[in-house]
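>>> Need the 3D shape of this:
(2 chains)
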Number of protein chains: 2
Amino acid sequence: MKRLFGIDLGGTTVKFSIVDEAGRILDRWAIPTDVSDGGANIPGDIVEHLRAKMSELPEDEVPVAVGIGVPGPIMGDVVERAVNLGWNGMPLGRVVKAELGLPVSLLNDANAAALGEVWMGGDAEGMGGNAVFVTLGTGVGGGIIVGGRIMNGDHGCAGEIGHSPVDASGVRQCGCGKTNCLECYASASGFVKTANQLLARAGSAHAYASGKEVFDDVAAGDPLAIDARDITVEYLAKNLAAIVNTVDPREIIIGGGLSYAGDLLMGPLSERLGKYVFPGIRDRYVLRRAMLGNDAGLLGAAYQALLDLDA
Amino acid sequence: MKRLFGIDLGGTTVKFSIVDEAGRILDRWAIPTDVSDGGANIPGDIVEHLRAKMSELPEDEVPVAVGIGVPGPIMGDVVERAVNLGWNGMPLGRVVKAELGLPVSLLNDANAAALGEVWMGGDAEGMGGNAVFVTLGTGVGGGIIVGGRIMNGDHGCAGEIGHSPVDASGVRQCGCGKTNCLECYASASGFVKTANQLLARAGSAHAYASGKEVFDDVAAGDPLAIDARDITVEYLAKNLAAIVNTVDPREIIIGGGLSYAGDLLMGPLSERLGKYVFPGIRDRYVLRRAMLGNDAGLLGAAYQALLDLDA
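Below is the predicted model:
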């Protein structure tokens, strides 16, 4: 059975794994990301760790390809830019391939997580179909799977659903430069901000520090927390409906910190989404939580390497 | 050079064509659509006309495959339903193939138009990339091209972007059963309705009868008509931005009756879309009008047949 390196390159940690064709993670380790010198040392660090691991393994256990998830848009074997790493046009794929002599697949980290979730997070049926993956965490990220393959987009930006407009009465500045993006309202911090605005409007001196705190109050039946939840779900459902009507997916997968609220989020989201989705699609998709946490990115990167081998 | 039958099956007319690999329409004819008996005679009528044409042609000019665009969702060689034809689960592809012995490709009519426009309406570069096609006509239809191929969706409904929600202050009932779909506001009739609501609110006894009349007043600088145009463009731009952020296309193509307004529509749409699209995508796509009119569906159907031959 073939083995693949699956790598999740983040702004603070590089996570390495060895994954087999059945999606089992056989080995894993991590190193800090060296962001000094504009991230110039990162490719060398990755090569060094992969080479060391390869030299330890018996020949039949050496991975045959490398997949790397990266926090930025990808075009071919080049990372267009990755703000967290200091990269601009870094030919990561070319460098690693030249050094190790293994095929290297690059993919955006949200896309990697989407692919990993579709591959190993649900039923195996998912691989031939379409899926929409959304993370509600620090930001709002997304990945779109079409026919079991990542949709990368013509400029490496497909699935940037966190930056679609929301019709809100106030104005929130987004990190992308625009205002009132979905991310300003449906990220964990956006959700907390909405709840705190409701608190302030009600004359309360209290302020929430995390999405979990708000959801704890939702669970306790607090009307204000429930309002904040419902406002957030409404924005999310309207945006998600436009995506679902575009992609007509088999699966809609919700990940990130807010997804840990479970039914307190997923119940109302399912109801509101059903209201806004085209009737020919409604009730025909599976809406579910992400299952794999941080492993999704490792598995998706490895799976992309496997797909590219077979292509 | 291979020749294909490209067919556009509509509720009133069946349009036939013979198209070559270079996208030239070499022959065309049409018959009325026989919607009696729940549309039961339509497959036979199509077979009869194709067979008659094939018998007339010298052997080297006989088309080698058939593509048929149909007004409804497609799954494989079955038309799931087509309200205008009275069809429910009609195995059109299977029937035509069995009778003629030619490969038959079925596709949704909006998808056929999208594929035709990408193939022959712009530069040839379009075929490897993603595209979003929107028609603003009687309704609002759409087709999504990913990597030069139609995205059909898991239930044949991908590209149903006319039925995504719009944040409007009023309530309009959509034919799909929902309220306040994009189609209620950005179709030709939705646009006229918006203009007439503004007229009524201004105390005018006048009422527009067509989108062209409203655009004639826009061209003349009439502030109320311009308001109606701007409201319509705003709804369209917000919805379209969510789709563009999802698909990250090379081309965005606007067709249908309203698109004949040209720059009066496309100018403001380009400006508003730029405001709402993710910065990594902004300014990197081509936004253009559809070029092929009714021929788009014929060409797209023929091209799909060609693609399926080579697959």
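>>> Going by C-alpha atoms from here, please, whenever you check contacts or count neighbours.
Will do.
>>> could you point out where chain A is predicted with low confidence?
A:124-126 (pLDDT under 70).
>>> check contacts around A:Ala168.
Contact analysis of A:Ala168 by C-alpha atoms under 8 Å, 6 or more residues apart in numbering or on different chains lists A:Asn180.
>>> Next, see if the longest helix anywhere in chain A gets close to chain B.
The single longest helix within chain A, with elements called by DSSP state H, is helix A:223-247. Yes. Judged by C-alpha under 8 Å from any C-alpha of the partner chain, helix A:223-247 and chain B are in contact via A:Lys238, A:Asn239, A:Ala241, A:Ala242, A:Ile243, A:Asn245, A:Thr246, A:Val247.
>>> how near is the residue nearest the centre of chain A to A:Arg229?
Nearest to the mean C-alpha position of chain A, counting by C-alpha atoms, centre = their mean, stands A:Ala110 at 3.1 Å. Counting by C-alpha to C-alpha, to the nearest Å, the separation of A:Ala110 from A:Arg229 is 24 Å.
>>> What of A:Ala114?
Taken as C-alpha to C-alpha, the span from A:Ala114 to A:Arg229 is 25 Å.
>>> ok, those two, which is more surrounded?
Neighbour count, other C-alpha atoms under 10 Å in any protein chain shown: between A:Ala114 and A:Arg229, A:Ala114 has more, with 32 against 24.
>>> check contacts around the closest residue to A:Asp167 other than its chain neighbours.
Distances taken as C-alpha to C-alpha, 6 or more residues apart in numbering or on different chains place B:Asp167 nearest to A:Asp167, at 6.9 Å, with adjacent residues excluded. If a contact means C-alpha under 8 Å, 6+ apart, then B:Asp167 has A:Asp167, B:Asn180, B:Tyr235 as its contacts.
>>> Can you verify the first one is assigned to a strand?
In this case it means A:Asp167. No. A:Asp167 sits outside any strand when classified using DSSP: H, G, I helix; E, B strand; the rest coil, being coil.
>>> Can you report phi and psi for it?
The phi/psi pair for A:Asp167 (degrees, to the nearest 10) reads phi -90, psi 90.
>>> Specify the residue positioned farthest from the middle of chain A.
What lies farthest from the middle of chain A is A:Gly203; by C-alpha atoms, centre = their mean that is 36.8 Å.
>>> how close does that one get to chain B?
29 Å (C-alpha to the nearest C-alpha, to the nearest Å).
>>> for A:Cys181, same thing?
8 Å.
>>> Wait, that residue touches A:Pro165, no?
Yes. When contacts are counted by C-alpha atoms under 8 Å, A:Cys181 is listed as touching A:Pro165 (4.7 Å).
>>> quick one on the thing from earlier: mind giving me the ChimeraX command for buried ones among the residues of helix A:223-247 next to chain B?
Buried residues within these, by 16 or more other C-alpha atoms under 10 Å in any protein chain shown, are selected in ChimeraX with:
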select /A:238,239,241,242,243,245,246,247
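>>> Now tabulate the residues of helix A:223-247 next to chain B in TSV and tack on distance to A:Val104.
Below are these laid out as TSV (distance: C-alpha to C-alpha, whole Å):
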residue	distance to A:Val104
A:Lys238	38
A:Asn239	34
A:Ala241	35
A:Ala242	34
A:Ile243	30
A:Asn245	34
A:Thr246	31
A:Val247	28
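>>> Would you agree A:Lys15 falls within a helix?
No. With three-state DSSP as the criterion, A:Lys15 is assigned strand and is not in a helix.
>>> What about the closest residue to it other than its chain neighbours, how many residues nearby?
Of all residues not flanking A:Lys15 in the chain, A:Ala30 sits nearest, at 4.4 Å (C-alpha to C-alpha, 6+ apart). Counted with other C-alpha under 10 Å, residues neighbouring A:Ala30 total 14.
>>> measure A:Ala30 to A:Ser17 for me?
A:Ala30 is 9 Å from A:Ser17, by C-alpha to C-alpha.
>>> Surely A:Tyr235 touches A:Val166?
Yes. Between A:Tyr235 and A:Val166 a contact is recorded at 6.5 Å, counting by C-alpha under 8 Å.
>>> so what sits against both of those two?
Residues touching both A:Tyr235 and A:Val166 (C-alpha under 8 Å, 6+ apart): A:Leu182.
>>> helices or strands up against the longest helix of chain A?
Contact analysis of helix A:223-247 by 3 or more C-alpha pairs under 8 Å, 6 or more residues apart in numbering or on different chains; DSSP states H and E lists strand A:131-136, helix A:183-186, helix A:188-201, helix A:211-219, helix A:263-276, helix B:223-247 as its packing neighbours.
>>> Pairing partners for the helix or strand just after it, with directions?
Moving toward the C-terminus from helix A:223-247, the first helix or strand encountered (DSSP states H and E) is strand A:251-255. Next to strand A:251-255 in the sheet, as set by DSSP bridges, lie strand A:131-136 (parallel), strand A:286-289 (parallel).
>>> Pick the most deeply packed of the ones you listed.
strand A:131-136 (a mean of 28; mean count of other C-alpha atoms under 10 Å in any protein chain shown).
>>> Show me what the helix or strand just after that one is in contact with.
Going down the chain from strand A:131-136, the next helix or strand is strand A:140-146, by DSSP H and E. By C-alpha under 8 Å, 6+ apart, the residues outside strand A:140-146 that reach it are A:110-115, A:129-135, A:150-151, A:158-162, A:182-183, A:186-187, A:247, B:151, B:246.
>>> Next: stretch A:148-158.
Around stretch A:148-158, the neighbours that count as contacts under C-alpha under 8 Å, 6+ apart are A:73-75, A:108, A:111, A:115, A:118, A:126-130, A:143-145, A:159, B:129-130, B:146, B:245-250, B:280-281, B:284.
>>> now swap in stretch A:277-292 and tell me
By C-alpha under 8 Å, 6+ apart, stretch A:277-292 touches A:117, A:120-122, A:241-242, A:244-245, A:248-256, A:259, A:262, A:266, A:270, A:274, B:155, B:157, B:160, B:163-164, B:176-177.
>>> And the residue nearest to A:Asp167, how far from B:Gly175?
18 Å.
>>> Likewise for A:Thr232?
Look at A:Thr232 and B:Gly175: by C-alpha to C-alpha, they are 28 Å apart.
>>> ok so, going back, is it correct that the residue farthest from the centre of chain A falls within a strand?
No. Looking at A:Gly203 with three-state DSSP, it is coil, so not inside a strand.
>>> And it, its phi and psi?
phi 80, psi 10.
>>> Spell out which residues sit in contact with it, please.
By C-alpha under 8 Å, 6+ apart, the contact list for A:Gly203 is empty.
>>> now with 10 Å?
Each residue near A:Gly203 by C-alpha atoms under 10 Å, 6 or more residues apart in numbering or on different chains is listed here: A:Gln197.
>>> go on, A:Leu307?
Counting by C-alpha under 10 Å, 6+ apart, A:Leu307 makes contact with A:Ser105, A:Gly148, A:Arg149, A:Ala301.
>>> what do you get if the cut-off is 6 Å, keeping everything else the same?
Contacts for A:Leu307 (C-alpha atoms under 6 Å, 6 or more residues apart in numbering or on different chains) come out as none.
>>> Check the secondary structure at it for me.
Classification of A:Leu307 by three-state DSSP places it in helix.
>>> tell me the domain boundaries of chain A?
As given by automatic domain parsing, the domain ranges for chain A are A:3-115+A:294-310, A:125-289.
>>> Tabulate these in a markdown table, adding columns for distance to B:Asp217.
Shown next, in a markdown table, are the domains of chain A (distance: least, C-alpha to C-alpha, whole Å):
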| stretch | distance to B:Asp217 |
| --- | --- |
| domain A:3-115+A:294-310 | 44 |
| domain A:125-289 | 29 |
